[in-house]
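Chemist: Just a sequence and a predicted model for now, questions to come.
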Amino acid sequence: MSYEYLIFGQQNINFAPIQFKGMAEQAKIVLEGKEYEYPVITGTENEKAIDISKLRGETGYVTLDIGFKNTAATSSAITYLDGEQGLLRHRGYSIEDLADKASFTEVVYLILYGELPNEAQYKEFNAQLRDHTLVNEGLDSMFKAFPTGAHPMGQLMSMISALGLFYPKSLDPNREDDAVNRTVIRLLAKMPTICAMISKKGHGHPVVFPRNDLDYVTNYLNMTFGQVSMLDYEPDPVIVSAMNKLLILHADHEQNCSASTVRVVGSSQSNLYSSVASGVAALWGPLHGGANQKVLEMLEMIMEDGGDVQKYLDKAKDKSDNFRLMGFGHRVYKNFDPRARIIKKTCDEVLNKLGVNDPVLEIAKKLETAALTDPYFVERKLYPNVDFYSGIIYRAMGFPTEFFTVLFALGRLPGWIAQWQELRGEKQPISRPRQVYTGETARPFVFMKDRA
Ligand code: SDX
């Protein structure tokens, strides 16, 4: 049985049930002298997994894998990563091609609906987005109450969650009509407006309203850097092109921490706004998307401390020191993060074209060169990840450091939505992992007067 969703009235998309290349092989496990067999499944890129869905029922055993370093929580047809080869593909298209040849909203459409849009679909999609860019006045009044110094990610999380208060009819994720897709469009359309509002609040400036004559990214930059008094503001094409590329590079990344969070929340049949707001919460963490803010703060600290990169490499290697090289290392990429390569190249281009000479970029390059030849990092396969250079471009564009992770969320929104839609389309069960209990065994209650 496949699940069909009405998209824009003129096409359906099938969420086919989990398709694997073959279920031929079996994995044998011997427990307490008894042999059990479990099917080995093969994905379309020949990834292998042991399907242990019957393990506990047959053996009473569960598996333990803290941090899910070896555990697939789902199958998915959205994004493919090869950590050893440094490959990243969305629906089969390489990140290099998409970053170089597509617009961000083309990639959004691809990630959400499985195919690159033709001209008519692309026109219709962008028209739908343009119809929903304004933010409800009530939401704006709530936003005005946020303290000026509130962290941008806390504001973003609150605003996305609050959208559900203003559109109560769009909360039911199980409606089979076009309501869910309208919610998807509404969230995608309002995200740039909300992000720009947060920017303006940070500067104490009045918001700039969305303009329907501009494309998605140009409109976002206009709402961010334009001024109500500057009617002739035109974003620099260099910045528009770089922002398109940066948003594409962040659009989805399979089962990362925040996407997994969105899936867990969505698996309880919670609405899309709450599921995405939980993804923003997870992304905020410095080990995840919050790293792009921490990288810039780290590079500035090294620069202010005289630029001695070796001192900070040594700190990062010292187990008694909590310092970590932010922007380095990745759970999946063990050679290089293809996005980091593209961002590093874009960084040079943008700073040259903008005539920006940022000494922090030189520190970053020195740090990367030193780490790539240091046995500690080489042995642990720690390379620059997507967050290492992105902040330098964001700063050159004029974004404050605390805002960098909001830009990560703006790019990642289509990925979170697509992961949530895929989970719902396959009617996956509620996520409820097991545990191994290591606490006190049964003991009788002791009344207060008898306690030591
Ligand atoms: C993102 O999952 C995704 O796809 C995420 C993401 C996406 O697009 O959604 O790609 C975005 O989150 C990128 C990562 C951003 N985070 C950072 O840059 C923070 C710094 N990096 C790390 O904290 C770490 O590398 C992680 C969190 C990214 C990965 O952690 P793992 O896979 O759990 O690895 P680990 O912590 O077990 O480290 C393995 C070893 C340890 O040393 P040993 O115990 O073997 O001696 O490597 C060391 C770690 O101490 N190590 C580091 C290090 N990262 C790992 N040592 C110093 N500096 C670092 N940055």
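Modeler: Thanks, I have it.
Chemist: rest of the way, CA atoms for contacts and neighbours
Modeler: Noted.
Chemist: what residues does the stretch 151-300 of the chain put near the ligand?
Modeler: Residues of the stretch 151-300 of the chain lying near the ligand by C-alpha under 6 Å from any ligand atom: 253, 256-257, 287-289, 291.
Chemist: how far away is residue 149 from the ligand?
Modeler: Look at residue 149 and the ligand: by C-alpha to the nearest ligand atom, to the nearest Å, they are 24 Å apart.
Chemist: Going by proximity to the ligand, name the top residue of the stretch 151-300 of the chain.
Modeler: Residue of the stretch 151-300 of the chain nearest the ligand, by C-alpha to the nearest ligand atom: residue 288 (3.2 Å).
Chemist: what residues are up against that residue?
Modeler: For residue 288, the contact set (C-alpha atoms under 8 Å, 6 or more residues apart in numbering) comprises 257, 282.
Chemist: just to revisit the earlier point, narrow the residues of the stretch 151-300 of the chain next to the ligand to those that are buried.
Modeler: Buried members of those, scored by 16 or more other C-alpha atoms under 10 Å, are 253, 257, 287-289, 291.
Chemist: So what's the model's average confidence on the strand ranked longest in the chain?
Modeler: If you go by DSSP state E, the chain has its longest strand at strand 34-42. For strand 34-42, mean pLDDT rounds to 96.
Chemist: Following element in sequence after it, please.
Modeler: Counting by DSSP states H and E, the next helix or strand C-terminal to strand 34-42 is strand 48-50.
Chemist: for residue 161, what are its contacts?
Modeler: Counting by C-alpha under 8 Å, 6+ apart, residue 161 touches 273-274, 276-277.
Chemist: Which strand or helix spans it?
Modeler: Assigned by DSSP H and E, residue 161 belongs to helix 152-166.
Chemist: How about that helix, which residues are buried there?
Modeler: For helix 152-166, a neighbour-count test (16+ other C-alpha under 10 Å) marks 152-153, 155-164 as buried.
Chemist: Ok, stretch 44-56 next?
Modeler: Quick answer for stretch 44-56 (16+ other C-alpha under 10 Å): 49-52, 55.
Chemist: The buried ones among the residues of the stretch 151-300 of the chain next to the ligand in helices, which ones?
Modeler: Residues of these located in helices (DSSP state H): 257, 291.
Chemist: Same list, the buried ones among the residues of the stretch 151-300 of the chain next to the ligand, but as TSV with pLDDT please.
Modeler: Converted to TSV, those look like this (pLDDT from 0 to 100):
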residue	pLDDT
253	98
257	98
287	97
288	98
289	97
291	97
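Chemist: and the most centrally placed residue in the chain, what is it in contact with?
Modeler: Most central in the chain under C-alpha atoms, centre = their mean is residue 412, positioned 4.1 Å from the mean C-alpha point. Residues counted as contacts of residue 412 (C-alpha under 8 Å, 6+ apart) are 247, 250-252.
Chemist: Now it: which helix or strand?
Modeler: Per DSSP H and E: residue 412 is located in helix 404-425.
Chemist: what mean pLDDT does that helix have?
Modeler: Helix 404-425 comes out at a mean pLDDT of 97.
Chemist: Give the buried residues for stretch 329-344.
Modeler: 329-330, 333-344.
Chemist: Which secondary structure element of the protein has the lowest mean pLDDT?
Modeler: Least confident helix or strand of the chain, by mean pLDDT, DSSP states H and E, is strand 3-7 with a mean of 37.
Chemist: which regions of this structure lie under the pLDDT threshold?
Modeler: For the chain, the stretches with pLDDT under 70 are 1-24.
Chemist: So which residues on the stretch 301-450 of the chain come close to the ligand?
Modeler: Within the stretch 301-450 of the chain, the positions lying close to the ligand (C-alpha under 6 Å from any ligand atom) are 316-317, 324-331, 380, 385, 387.
Chemist: coming back round to it: now the residue nearest to the centre of the chain, nearest residue through space, not along the chain?
Modeler: Closest residue to residue 412 apart from its sequence neighbours, by C-alpha to C-alpha, 6 or more residues apart in numbering: residue 251 at 4.3 Å.
Chemist: How is that neighbour assigned, secondary-structure-wise?
Modeler: coil (DSSP: H, G, I helix; E, B strand; the rest coil).
Chemist: Burial check on it, number of neighbours?
Modeler: Using other C-alpha atoms under 10 Å, residue 251 has 25 neighbouring residues.
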